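Novice: Compute the structure for the input listed below.
(one chain, ligands or ions: 3)
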Amino acid sequence: MATEYRHRKVYVMRKSYAQSNLEIADYVEQTFVPEDTVLISARERAKAEGLPEIQVCSMDALHLEMLVRISGAKKLVEVGTLAGYSGIALMRGAGSGGKLVTLEKDPQCVTVARENFKAAGLSECVEVIEGDALSSLDRIAPDGPFDLVFIDADKGNYANYFDWATKNLKKGGMIIGDNCFAFGTIHQKKFDHPNSKKVAEQLDAFNVAVARHPDFRATMLPTGEGMLVGMKVD
Ligand code: SAH
Ligand code: DHB
Ligand code: MG
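Specialist: Ligands and ions are numbered 1, 2, ... in the order given. As a prediction, the model looks like this:
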């Protein structure tokens, strides 16, 4: 895990809401208070276990909850669980009758996430599936169609996860993608590292695929990280 996240300091620094104006960001957080004790302890448990602090920021967790509430989605899929922080937010939006299947390849993350979901009182309605997300998606497809898919795992597979979503979301179903500004590099022509070029190209391919798909309407919410929101339409 360590090598995969070697740039994470930079990512976390950039992961702020209204990053262009930190005082407005502070104002918003103090006003809307996006984290309660359950979310704070989920984040702290992850940190204590040594997991990378790459969960969505607290305001994005609130955005996720609100997007689920607004859409009325009940059958949710998340690709990339980490420690369950965003999953808890999604499930708050889904409320009673909500079900989340969340996919995670890292066994330590799976263990911590299950503890966090349990502490949040969500064990009954959240299933954490360990393994490579593409294979897990194949296996859960017969349980669909789903109401909402949140994509937040390996950037190289975002386009493949979207391809799955085109077939396994119901009409009116929603796709949400995190990090769609590619950590601030999505527009760049020149890159310091070959890997950041690759990540920017992969996320651009995803953005373009959703934006141009004839069955989808989509936009980019200008969160710190860029949150793509799309809906499967007629
Ligand atoms: N959604 C989480 C953050 C996810 S971070 C939150 O905001 O709280 C990305 C996660 O995706 C990491 O835990 C990583 O282990 C997982 N991941 C990366 N590639 C994966 C793959 N191919 N299959 C399943 N999980 C993957
Ligand atoms: C990374 C992944 C994320 O989903 C994120 O929000 C930040 C960083 C990463 O792979 O380092
Ligand atoms: Mg992310």
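Novice: Please determine whether stretch 192-211 lies in contact with ligand 1.
Specialist: No: figure legend: stretch 192-211 not in contact with ligand 1 (Cβ under 6 Å from any ligand atom); closest approach 12.3 Å. C-beta coordinates here come from the backbone N, C-alpha and C atoms, glycine included.
Novice: Mind listing what's buried along the lengthiest strand in the chain?
Specialist: In terms of residue count, the longest strand belonging to the chain (DSSP state E) is strand 169-177. Within strand 169-177, the residues scored as buried using 16 or more other Cβ atoms under 10 Å are Leu169, Gly173, Met174, Ile175, Ile176, Gly177.
Novice: Where does the chain get nearest to ligand 2, residue-wise?
Specialist: Ile54 (3.8 Å; Cβ to the nearest ligand atom).
Novice: Now Val128: phi and psi?
Specialist: phi -100, psi 120 (degrees, to the nearest 10).
Novice: That one and Arg114 touch, don't they?
Specialist: Yes: Val128 is within contact range of Arg114, at 5.5 Å (criterion: Cβ atoms under 8 Å).
Novice: list the residues that contact both of the two?
Specialist: With contacts defined as Cβ atoms under 8 Å, 6 or more residues apart in numbering, the residues shared by Val128 and Arg114 are Gly84.
Novice: ok so, going back, please look at the residue of the chain closest to ligand 2 and Leu82 and confirm they touch.
Specialist: Yes: Ile54 is within contact range of Leu82, at 6.7 Å (criterion: Cβ under 8 Å).
Novice: Looking at these two, which has the bigger crowd around it?
Specialist: More crowded of Ile54 and Leu82, by other Cβ atoms under 10 Å: Leu82, with 26 against 19.
Novice: helix, strand or coil for the more buried one?
Specialist: coil (DSSP: H, G, I helix; E, B strand; the rest coil).
Novice: I'd like the distance between it and ligand 1.
Specialist: Distance, Leu82 to ligand 1, by Cβ to the nearest ligand atom, to the nearest Å: 4 Å.
Novice: Likewise for Gln202?
Specialist: Taken as Cβ to the nearest ligand atom, the span from Gln202 to ligand 1 is 12 Å.
Novice: pretty sure that residue is touching Asn160, no?
Specialist: No: judged on Cβ under 8 Å, Gln202 makes no contact with Asn160 at a distance of 10.2 Å.
Novice: Tell me, how many residues neighbour Val33?
Specialist: Val33 has 10 neighbouring residues, counting by other Cβ under 10 Å.
Novice: go on, Arg217?
Specialist: Arg217: 12 neighbours (other Cβ under 10 Å).
Novice: So it, which state does it fall into?
Specialist: Under three-state DSSP, Arg217 comes out as strand.
Novice: Pick out the most distant pair among the buried residues of strand 169-177.
Specialist: Gly173 and Gly177 (14.0 Å; Cβ to Cβ).
Novice: buried sites along the strand or helix carrying Asn116?
Specialist: Per DSSP states H and E, Asn116 falls inside helix 107-119. In terms of neighbour count (16+ other Cβ under 10 Å), helix 107-119 has its buried residues at Cys109, Val110, Val112, Ala113, Arg114, Glu115, Asn116, Phe117, Ala119.
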